[in-house]
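1. let me see the structure of the following:
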Amino acid sequence: MSEEPEIDQTRKTLIYTAKSIVLVSMLFILGTLIGMSVFYWKDSPDLLKTAAQSAEETSTAKPLTKVNAIPADAWKSPEESTIPDDEYGHMIRYGRELVKNTAKYFGPNGSVARISNGMNCQNCHLEAGTKTFGNNYSIFFASYPKKSGRSGKMAEATERIADCFQRSLNGKVPDLNGKEVQAMLAYMKWVGSEQDKGKKAFGSGTEKLKYMDRAADPQKGLLVYQNKCQSCHGQQGQGIKSEDQLAYVYPPLWGAHSYNDGAGMYRLNNFAGFVKNNMPFGVSYPDAQLTDEESWDVAAFVNSQPRPHKEQKQDYPDRTKKPIDAPYGPYLDGFSEQQHKYGPFQPIVLALKELENGSGLK
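-> Here you go, the predicted structure:
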């Protein structure tokens, strides 16, 4: 019993010594760190200043803006509330209905005529022709009458509608003086009513993508199609029909019920610019999902697939007006039909410039 106090005292001494060693060690480490910091900042006098400047610049920096932002003064479709409440307004509304649901009136089971493939004008002219870079009608009506490069003649707006029925809808020409075509014209005129004749409208047509330094590749395009397009347009490009089977929710991209090889979408430049800013479904300019190369390649894949043929021997009688991506001959240059279809296009552009400079072509 007499040894217990001595044991407690020894234990207390050991604990005190251990605490002292730990405290001394911590003070030594802290002192070493302070010394190193002083030495470091002494040899780097501008670092604190630079850090402060960076913080200030960050706090006052302007927010980043998108390179491809839509200009503030870009064209916009007029508000629906501006459609007059009269007979002419009724024609405008009927014209919009015809653009959105063309197949209901002119498709294989159309109520007016059965003269088209079942696609709607809206399949290529998105949001009834009002979407930025979605083939909108902003400048359509104001552009006519005009000299048509394809026909080589002066053309009225009704002739452009006839072309669309024959090519994009792979059908027959409707009655150009009939109520339906006149209603479509009334609607297109209203859509472009705030557009001055001859003035360029931002976002009209499809975006003109920069040419690649290689040919567009259908095999690479197949991968893009499978990943981004197939869920809506089908493995065989057949599209998805509506429940009533009168039209397509998602249009066919090739096959018997798609556009023929005389349509504007059969030109790679048009198709690539179209999908860039509108596909997959829900995409809008400037928030594209596809890269430029993916857009060119998927356009090549889709347009490499079978589709109806339209005779085009009479197209572009003046060969100097023929687009370089029109994938059929004859041509003024010596490049193949394959290259005119898939590119690379820049060598064709240069060759045509040389030809123009050497022969006085206008």
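2. let me know the pLDDT of the residue nearest to the spatial centre of the chain.
-> What sits nearest the mean C-alpha location of the chain, by C-alpha atoms, centre = their mean, is N277, with 1.3 Å. At N277, the pLDDT value in this model is 97.
3. ok, it - contacts?
-> Applying C-beta atoms under 8 Å, 6 or more residues apart in numbering to N277 gives the contacts T132, F133, G134, T206, E207, V283, S284, Y285, P286, A288. Using the backbone N, CA and C atoms, a C-beta is placed for each residue, glycine as well.
4. narrow those to just the buried residues.
-> Listed as buried from the contacts of N277 are T132, F133, G134, T206, E207, Y285, A288; burial here means 16 or more other C-beta atoms under 10 Å.
5. doesn't the last one belong to a strand?
-> No: checked against DSSP: H, G, I helix; E, B strand; the rest coil, A288 lies outside a strand; its state is coil.
6. quick check, pLDDT for it.
-> Per the predicted model, pLDDT is 97 at A288.
7. contacting residues for it?
-> K276, N277.
8. state the distance from it to T132.
-> Per C-beta to C-beta, to the nearest Å, A288 is found 12 Å from T132.
9. over to the fifth one?
-> Using C-beta to C-beta, E207 is found at 9 Å from T132.
10. so what sits against both of those two?
-> In contact with both E207 and T132: N277, Y285, using C-beta under 8 Å, 6+ apart.
11. returning to what we had before: quick check, nearest of the buried ones among the contacts of N277 to S77?
-> Of all those, S77 sits closest to T132, with 9.7 Å by C-beta to C-beta.
12. what's the nearest residue to the closest one if we skip its chain neighbours?
-> G203 (3.6 Å; C-beta to C-beta, 6 or more residues apart in numbering).
13. which one of the contacts of N277 is nearest K197?
-> Minimum distance to K197 across the contacts of N277 is 20.4 Å, recorded for T132 (C-beta to C-beta).
14. my guess is that closest one contacts A69, does it?
-> No: counting by C-beta atoms under 8 Å, T132 sits too far from A69 to count as a contact (11.4 Å).
15. the contacts of N277 into CSV, with extra columns for secondary structure?
-> As requested, these are exported to CSV (three-state DSSP):
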residue, secondary structure
T132, coil
F133, coil
G134, coil
T206, coil
E207, coil
V283, coil
S284, coil
Y285, coil
P286, coil
A288, coil
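16. measure stretch 319-335 end to end?
-> 14 Å (C-alpha to C-alpha, to the nearest Å).
17. show residues contacting it.
-> Residues from elsewhere that reach stretch 319-335, judged by C-beta under 8 Å, 6+ apart: 149, 152, 261, 266-270, 303, 312, 315-316, 337, 340-341, 343, 345, 347-349, 351-352, 355-356, 361-362.
18. the same query, at a cut-off of 7 Å, please.
-> Contact partners of stretch 319-335, identified using C-beta atoms under 7 Å, 6 or more residues apart in numbering, comprise 149, 266-269, 312, 316, 337, 340-341, 345, 348-349, 351-352, 355, 361-362.
19. same check, this time on stretch 160-170
-> For stretch 160-170, contacts defined as C-beta under 7 Å, 6+ apart pick out 115-117, 119, 121, 124, 171-174, 176, 181, 184, 259-260, 262-265, 308, 310.
20. now do stretch 85-92
-> Contacts with stretch 85-92, where a contact means C-beta under 7 Å, 6+ apart, come from I83, Q182, A183, A186, Y187, W190.
21. can you list the buried residues in it?
-> M91, I92.
22. how distant is that stretch from the center of its chain?
-> Relative to the centre of its chain, stretch 85-92 is centred 33 Å away, using C-alpha atoms, centre = their mean, to the nearest Å.
23. average pLDDT for it?
-> Stretch 85-92 carries an average pLDDT of 97.
24. what's downstream of the worst-scoring helix or strand of the chain on mean pLDDT, the next helix or strand?
-> Least confident helix or strand of the chain, by mean pLDDT, DSSP states H and E, is helix 47-60 with a mean of 40. Counting by DSSP states H and E, the next helix or strand C-terminal to helix 47-60 is helix 87-100.
25. just after that next one, pick out the following helix or strand.
-> Downstream of helix 87-100, the next assigned helix or strand under DSSP H and E is helix 102-106.
26. kindly format the C-alpha coordinates of that next one as PDB.
-> Extracted in PDB, the C-alpha atoms of helix 102-106 (Å, rounded to 0.1, in the frame of the first residue of the first chain):
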ATOM      1  CA  THR A 102     -49.500  19.600 -95.400                       C
ATOM      2  CA  ALA A 103     -50.000  15.900 -95.500                       C
ATOM      3  CA  LYS A 104     -53.500  16.200 -94.000                       C
ATOM      4  CA  TYR A 105     -54.500  18.200 -97.100                       C
ATOM      5  CA  PHE A 106     -52.200  17.000 -99.800                       C
END
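27. report how many residues lie close to S242.
-> For S242, the neighbour count with other C-beta atoms under 10 Å is 14.
28. begin at 49, not 1, for the rest of this chat.
-> New numbering, starting at 49: the last item is S290.
29. quick one, what contacts it?
-> So S290 contacts Y296, V297 (C-beta under 7 Å, 6+ apart).
30. at 6 Å what do you get?
-> Contacts for S290 were tallied using C-beta atoms under 6 Å, 6 or more residues apart in numbering; they are V297.
31. quick one: mean pLDDT over stretch 364-382.
-> For stretch 364-382, mean pLDDT is 93.
32. any idea whether the nearest residue to Y333 once chain neighbours are set aside is helix, strand or coil?
-> Computed as C-beta to C-beta, 6+ apart, the closest residue to Y333 that is not its neighbour in sequence is N325, at 4.1 Å. Assigned by three-state DSSP, the conformation of N325 is helix.
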